[in-house]
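Asker: Got a sequence here, can you build the structure:
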Amino acid sequence: MCLSIPGKLIAITAQLDETFRMGKVSFDGIIKEVSLTLVPEANVGDYVLVHVGAAISTINEEEAKKTFDILKQLGELQDLAPEEGI
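Answerer: Okay, the predicted model is just below:
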């Protein structure tokens, strides 16, 4: 099953131009670097759906929190855990 996880865009970390950007996204306090290429409209503070390291769409805060809570209850967030040894 393909799964996208909602998170909050907390910083734009690199920007080549209007299209090619990278950002830090917080997933309930776990921070990951993601590509923002597919969501040029996303701004810091917005919620985005992330799949395989790329934000694929924006989502409103209420829906993001509801979805994240359901995924947490289902135990589907283990891939977010920080990698050991880093």
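
Asker: Buried residues, the longest strand seen in the chain. List them.
Answerer: Taking DSSP state E as the criterion, the chain has its longest strand at strand 5-15. Across strand 5-15, burial judged by 16 or more other CB atoms under 10 Å covers 5, 6, 7, 8, 9. To be clear about C-beta, it is placed using only N, CA and C from the backbone, and glycine gets the same treatment.

Asker: Quick check: of the residues you listed, which lies closest to residue 65?
Answerer: residue 6 (7.6 Å; CB to CB).

Asker: what about the strands in this structure?
Answerer: In the chain, the strands defined using DSSP E lie at 5-15, 21-27, 30-35, 47-51, 54-59.

Asker: between the helix or strand bottoming out on mean pLDDT in the chain and strand 5-15, how many degrees?
Answerer: Here the helix or strand of the chain ranked lowest by mean pLDDT, DSSP states H and E is helix 61-73, holding a mean of 88. If you take axes from the mean of the first three to the mean of the last three CA atoms, to 10 degrees, helix 61-73 sits at 110 degrees to strand 5-15.

Asker: Mind giving me the packing neighbours of helix 61-73?
Answerer: On a contact count with 3 or more CB pairs under 8 Å, 6 or more residues apart in numbering; DSSP states H and E, helix 61-73 meets strand 5-15, strand 47-51.

Asker: I'd like to know the average pLDDT value across the last one.
Answerer: Per-residue pLDDT values over strand 47-51 give a mean of 96.

Asker: With residue 67 as the reference, measure out to residue 25.
Answerer: Distance, residue 25 to residue 67, by CB to CB, to the nearest Å: 14 Å.

Asker: Out of these two, name the residue with the larger neighbour count.
Answerer: The neighbour comparison of residue 25 against residue 67 (other CB atoms under 10 Å) goes to residue 25, with 24 against 16.

Asker: Quick one: residues contacting that one.
Answerer: Shown in contact with residue 25 (CB atoms under 8 Å, 6 or more residues apart in numbering): 7, 8, 9, 10, 31, 32, 33, 34, 48, 50, 55.

Asker: Many thanks, I have nothing further to ask.
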